[in-house]
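Asker: Sequence plus the predicted model coming up.
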Amino acid sequence: MPISRVDDQEIMPPGAQSGCTVPGLSGVVDGDFVVHLFAMLHTSATVTEPVPGLATRGDASSGSNLSARLRSRRAASEPASYDWLTNATPKQGAWAGAYRGVDPTAPVAAAQMVAGVAGTVQTTPPVDVPAGGWLVYGVASRHIPGAAGIANWSSSTVGEARRASLATNAGSADLTMSVFDSAGSLSAATGLTRTLTSSMTEQNAVVFAIVLRPAAALATPFAEPTPGMPVF
């Protein structure tokens, strides 16, 4: 069965908060695969994650103001919402996306999260993709202080889907976050990257990419011949 998207949800409060709540995912069943992204304008605050058993797929920070984390787990009695909590009150945001048809034993083929660069263009870290894999990728960023407005991120790859586009508000040095996915199965590739472009100049950025491995196709069971029927 090829991978398919089930649902995704996101949240980014307009100002500084001690936590944020992502709405629950619709249509998710046990065994689906859930990817979580969390970002905040803080690099040392303690973060309480929303559910137990999250696997760490990446952690990165940029400068002294921006940090992000990438997590995942196989769905199991998913909660009505996902509550991220911090022991400080930074601007923050989170996203969760559920996918079906992901390999049950080795769901992630590759994952990286790294610091980006100042400017308007970011390149996601290179990842290897198996045949039939799905790519989920994106960016969290902080405006240059004094630059008011909401950054709009776009992907260079036509046909791929933007699943989230978030900003705390239109003020100076604000947090933005965008998530994309391949919106379908990919051919096998080595060192795959994506180019993301912002409508504003960003001072700090964190970029990530995670590759979901498709579940193996079930072999067609061998049918025993009917007694008395000749076998050629």
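Answerer: Here it is on my side, so go on.

Asker: so what's Thr124 up against?
Answerer: Applying Cβ atoms under 8 Å, 6 or more residues apart in numbering to Thr124 gives the contacts Gln112, Tyr137, Gly138, Val139, Thr193, Arg194, Thr195, Leu196, Val207, Phe208, Ala209. Just so you know, the C-beta spots here come from the backbone N, C-alpha and C atoms, and that holds for glycine as well.

Asker: should've said Thr190
Answerer: Asp128, Val129.

Asker: Just the buried subset of the contacts of Thr124, please.
Answerer: For the contacts of Thr124, a burial check counting by 16 or more other Cβ atoms under 10 Å picks out Gln112, Tyr137, Gly138, Val139, Thr193, Arg194, Leu196, Val207, Phe208, Ala209.

Asker: Now render these as JSON lines, adding pLDDT.
Answerer: Listed next are the buried ones among the contacts of Thr124 as JSON lines, based on pLDDT from 0 to 100:
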{"residue": "Gln112", "pLDDT": "98"}
{"residue": "Tyr137", "pLDDT": "98"}
{"residue": "Gly138", "pLDDT": "98"}
{"residue": "Val139", "pLDDT": "98"}
{"residue": "Thr193", "pLDDT": "98"}
{"residue": "Arg194", "pLDDT": "98"}
{"residue": "Leu196", "pLDDT": "98"}
{"residue": "Val207", "pLDDT": "98"}
{"residue": "Phe208", "pLDDT": "98"}
{"residue": "Ala209", "pLDDT": "98"}
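
Asker: if we can go back for a sec, and the contacts of Thr124, which two are the farthest apart?
Answerer: Distances among the contacts of Thr124 were taken as Cβ to Cβ; the most separated pair is Gln112 and Thr195, at 15.5 Å.

Asker: Return the distance of the nearest residue to Val47 once chain neighbours are set aside relative to Thr21.
Answerer: Spatial nearest neighbour of Val47, chain neighbours left out: Thr86 (5.5 Å); criterion: Cβ to Cβ, 6 or more residues apart in numbering. Separation of Thr86 from Thr21 (Cβ to Cβ, to the nearest Å): 13 Å.

Asker: Apart from its neighbours in sequence, what residue is nearest Arg162?
Answerer: Phe180 (5.2 Å).

Asker: Give the pairing partners of the helix or strand that contains the one you found; include direction for each.
Answerer: Here Phe180, judged by DSSP states H and E, is contained in strand 175-181. When pairing is defined by DSSP bridges, strand 175-181 lines up against strand 134-143 (antiparallel), strand 161-167 (antiparallel).

Asker: Quick one: mean pLDDT for the shortest one?
Answerer: For strand 161-167, mean pLDDT rounds to 95.

Asker: Put the alpha carbons of it into PDB.
Answerer: Extracted in PDB, the C-alpha atoms of strand 161-167 (Å, rounded to 0.1, in the frame of the first residue of the first chain):
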ATOM      1  CA  ALA A 161       2.000  20.600  -1.000                       C
ATOM      2  CA  ARG A 162       2.400  23.300   1.600                       C
ATOM      3  CA  ARG A 163       0.800  21.800   4.800                       C
ATOM      4  CA  ALA A 164       1.400  24.700   7.200                       C
ATOM      5  CA  SER A 165       2.200  28.400   6.900                       C
ATOM      6  CA  LEU A 166       2.300  30.100  10.300                       C
ATOM      7  CA  ALA A 167       3.500  33.400  11.900                       C
END
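
Asker: In this structure the residue nearest to Arg162 contacts Val158, no?
Answerer: No. Using Cβ atoms under 8 Å as the test, Phe180 is too far from Val158 to be in contact (11.8 Å).

Asker: So which of the strands paired with strand 175-181 is the most surrounded?
Answerer: The highest average neighbour count among those, using mean count of other Cβ atoms under 10 Å, belongs to strand 134-143 at a mean of 27.
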